[in-house]
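Novice: Fold the stuff below for me.
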Amino acid sequence: MALEITVEDYAGYVKQMTPAGTVIGSLSLDGYSDDELVYSISYQQYFEAYSFDGYYYEIDTFKIDGDKIVVADDQWLRGFWSRRDDIELSFEARDKSGNLVATGGLYIDPKDVREDIRGTAKADTLQGDDGMNKLIGGAGNDILWGRGGDDILYGGAGKDSLRGGDGADIFLFKSITESKVGAADVITAWDHIPRNDIRDLIDLSAIDANTKVSGNQAFDWIGAKNFSGHASELRYVKGKADTFVYADVNGDKKADFAIQIKDSIKMYSDDFLL
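Specialist: Model prediction:
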């Protein structure tokens, strides 16, 4: 009966975007020195990935280098999105004559890390993956799609199209000039059911809601009411096919900032980070 290989120095997970060649653990066997054995992977689940060009790929994710478990491929490359929750590895150790001495196994847990994907001053199309992404559009009229994971989408300047995809996504705005009335950014898919665990949010906390006083003031949510003439008011208008969010930062009862949502929805104060 084969002995059991021990896995050492494994952190319990492997971060997404881990570079090829990174050592994630080592193998050992009681009673044997490393130079007496040859370790190998006898089985591994392929990392399943689809690229944005529509092709399916199978990637040998890990390999053995001496007694080390090593990342064999940049398995969480930009342009891939995964549907694999874990990856199973099986090991074997043979003596110099090729006789099987020991076996072992390991489940690799892919760990999400926030990945920044940046655009340019031109019109960009940026897409994330199944991990956590921060998509930063830049100055052009950009298209941002987070796909899976809990993403942050920041269009920046220009008239941008924003789609979070699966997960609890945040649509970030830092200035009233980034989404103008008449040329508003468009959130093409809104996934917020009140009191649901997974919810999208609109983050306006970086915007000074009242330009009449110094400092960075927070917005006051007034729901579907009309502007009253007080600076810092935030309201929404529900249409037949679209919903618009408007902000008045100077108290003139006119919108200085707008966001378009491609759905007819009721909105709440907890849809926003103010």
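Novice: For the closest residue in space to residue 203 that isn't next to it in sequence, which residues are in contact?
Specialist: If the residues on either side of it in the chain are set aside, residue 203 comes closest to residue 273, at 4.2 Å by C-beta to C-beta, 6 or more residues apart in numbering. To be clear about C-beta, it is placed using only N, CA and C from the backbone, and glycine gets the same treatment. Counting by C-beta atoms under 8 Å, 6 or more residues apart in numbering, residue 273 touches 170, 201-205.
Novice: make it 7 Å
Specialist: Contact analysis of residue 273 by C-beta atoms under 7 Å, 6 or more residues apart in numbering lists 201, 203-205.
Novice: May I ask which of these has the most neighbours?
Specialist: Neighbour counts for these peak at residue 204, which has 22 neighbours (criterion: other C-beta atoms under 10 Å).
Novice: I'd like the distance between that residue and residue 271.
Specialist: Distance of residue 204 to residue 271, given as C-beta to C-beta, to the nearest Å: 10 Å.
Novice: Could you do residue 130 as well?
Specialist: Applying C-beta to C-beta to residue 130 and residue 271 gives a distance of 25 Å.
Novice: quick one, which of these two is more surrounded?
Specialist: Set residue 130 next to residue 271 and count neighbours by other C-beta under 10 Å: residue 130 wins out with 23 against 19.
Novice: so after the helix or strand bottoming out on mean pLDDT in the chain, what's the next helix or strand?
Specialist: The weakest-scoring helix or strand in the chain, judged by mean pLDDT, DSSP states H and E, is strand 80-82 (a mean of 40). Using DSSP states H and E, the next helix or strand after strand 80-82 towards the C-terminus is strand 87-95.
Novice: which helices and strands does that next one pack with?
Specialist: strand 37-44, strand 100-108 (3 or more C-beta pairs under 7 Å, 6 or more residues apart in numbering; DSSP states H and E).
Novice: what's the shortest one packed up against?
Specialist: Just to be clear, that refers to strand 37-44. Packing contacts for strand 37-44, counted by 3+ C-beta pairs under 7 Å, 6+ apart, involve strand 62-65, strand 87-95.
Novice: Compare these and report which one is nearest to residue 10.
Specialist: Residue 10 lies closest to strand 87-95 among the helices and strands packed on strand 37-44, at 10.5 Å (C-beta to C-beta).
Novice: Let me see the mean pLDDT of that closest one.
Specialist: The average pLDDT within strand 87-95 is 92.
Novice: what do you get for stretch 186-199?
Specialist: Mean pLDDT, stretch 186-199: 79.
Novice: Same question for stretch 161-170.
Specialist: 92.
Novice: now the end-to-end length of that stretch.
Specialist: Stretch 161-170 has its terminal residues 14 Å apart, counting by C-alpha to C-alpha, to the nearest Å.
Novice: what comes up buried for that stretch?
Specialist: For stretch 161-170, burial by neighbour count (16 or more other C-beta atoms under 10 Å) applies to 161-165, 167-170.
Novice: Which member of the residues you listed is positioned nearest residue 187?
Specialist: Using C-beta to C-beta, residue 162 comes nearest to residue 187 of the buried residues of stretch 161-170, at 5.0 Å.
Novice: Relative to residue 137, how far out is that closest one?
Specialist: Residue 162 is 9 Å from residue 137, by C-beta to C-beta.
Novice: what's the overlap in contacts for these two?
Specialist: 144, 155.
Novice: what's the closest non-adjacent residue to residue 269?
Specialist: Taking C-beta to C-beta, 6+ apart, and ignoring the residues beside it in sequence, residue 269 has residue 221 as its nearest neighbour in space, at 4.1 Å.
Novice: so how far is residue 70 from the one you found?
Specialist: Per C-beta to C-beta, residue 221 is found 52 Å from residue 70.
Novice: same question, residue 169
Specialist: Taking C-beta to C-beta, one finds residue 169 at 34 Å from residue 70.
Novice: Could I get the full set of helices for the stretch 51-200 of the chain?
Specialist: Read by DSSP state H, counting those that start in this stretch, the stretch 51-200 of the chain holds no helices at all.
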